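Q: Below: sequence and its predicted model.
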Amino acid sequence: MTTAIEELKDELQRVRRDARELYSHEQVQSAMDQVAGQLSADYAERCPLFVTIMNGGLVFAGQLLTRLDFPLEVDYLHASRYLGETRGGDVHWIVTPGASMAGRDVVILDDILDVGSTLLSIIEACKAQGARSVKTCVLVDKQHDRKAAPGLKADYTALYAEDAYLFGMGMDYKGFWRNAPGIFAIDVTAA
């Protein structure tokens, strides 16, 4: 008799096997190098606060921050529209940052800009806490016309991707495959 865990593992293996690679690990690393150069030029003299959105931003932040050779503070928050699902809902605040944002230059790090509702909510929360400036930095901007605000885009974007369900480099499929070493697209109707 097959257990629920075995069925899930089979599904996860099938999703990974059938996914299309949009960006290889090397392409992602090169794009992060470029974003790190832009951030270094803009923030090396500011002593900024970088805030990572968990869990998706973890892989991106961990790899990006080591490329920045200037003093910066790091914190995190956890807000989500997905909560393990493949379709987003309302924004849920799970953990808020502990560092004071008053008078600080804040850079929000996340894995993906999809609709942007979560990101807009976080930007407003940072401003409400007195941040001097709030900028956003994402690994991937998903290209479609469903953004939460017209013309919404991150201040720093490493890569652009088609409007598909993505996983890898922090993005997940049902909570799994954040560790995939590139960026992959799947057809959620087949998953």
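A: The structure has been received and is ready for your questions. No experiment lies behind these values; they were computed from the predicted model shown. Numbers count the residues shown, from 1 in each chain.
Q: what are the ranges of the helices in this protein?
A: 4-18, 25-43, 57-65, 117-128 (DSSP state H).
Q: Show me what counts as buried in stretch 19-27.
A: Under the neighbour-count criterion of 16 or more other CB atoms under 10 Å, stretch 19-27 has 19, 22, 23 buried. Bear in mind the C-beta positions are built from the backbone N, C-alpha and C, glycine included.
Q: contacting residues around the nearest residue to residue 178 once chain neighbours are set aside?
A: For residue 178, the nearest residue in space outside its immediate sequence neighbours is residue 172; the separation is 4.8 Å by CB to CB, 6 or more residues apart in numbering. Contacts for residue 172 (CB atoms under 8 Å, 6 or more residues apart in numbering) come out as 55, 56, 178.
Q: who wins for neighbours among those residues?
A: Comparing these on neighbour count, residue 56 comes out first with 25 neighbours (neighbours: other CB atoms under 10 Å).
Q: hang on, that one packs against residue 170?
A: Yes: between residue 56 and residue 170 there is a contact at 4.8 Å, judged by CB atoms under 8 Å.
Q: Now for the two: what residues contact both?
A: Common neighbours of residue 56 and residue 170 (criterion: CB under 8 Å, 6+ apart): 111, 178.
Q: Just the buried residues of the helix or strand bottoming out on mean pLDDT in the chain, please?
A: Within the chain, judged by mean pLDDT, DSSP states H and E, the helix or strand with the poorest mean is strand 92-95; its value is a mean of 80. If you call a residue buried by 16+ other CB under 10 Å, then strand 92-95 has no buried ones at all.
Q: Which neighbours in the sheet does that strand have, and how are they oriented?
A: Paired strands of strand 92-95, with direction, are strand 73-80 (antiparallel) (DSSP bridges).
Q: quick one: average pLDDT of the strand it pairs with?
A: In this model, strand 73-80 has an average pLDDT of 90.
Q: Can you tell me how far residue 54 is from residue 45?
A: The spacing between residue 54 and residue 45, counted by CB to CB, to the nearest Å, is 28 Å.
Q: okay, those two: which has more neighbours?
A: Just comparing residue 54 and residue 45: by other CB under 10 Å the higher neighbour count belongs to residue 54, 16 against 9.
Q: What residues does the closest residue to that one other than its chain neighbours make contact with?
A: Spatial nearest neighbour of residue 54, excluding adjacent residues (CB to CB, 6+ apart): residue 78 at 4.2 Å. With contacts defined as CB under 8 Å, 6+ apart, residue 78 is in contact with 53, 54, 55, 93, 94, 95.
Q: One more: residue 105?
A: Residues in contact with residue 105, defined by CB under 8 Å, 6+ apart, are 43, 46, 47, 48, 49, 131, 132, 133, 135.
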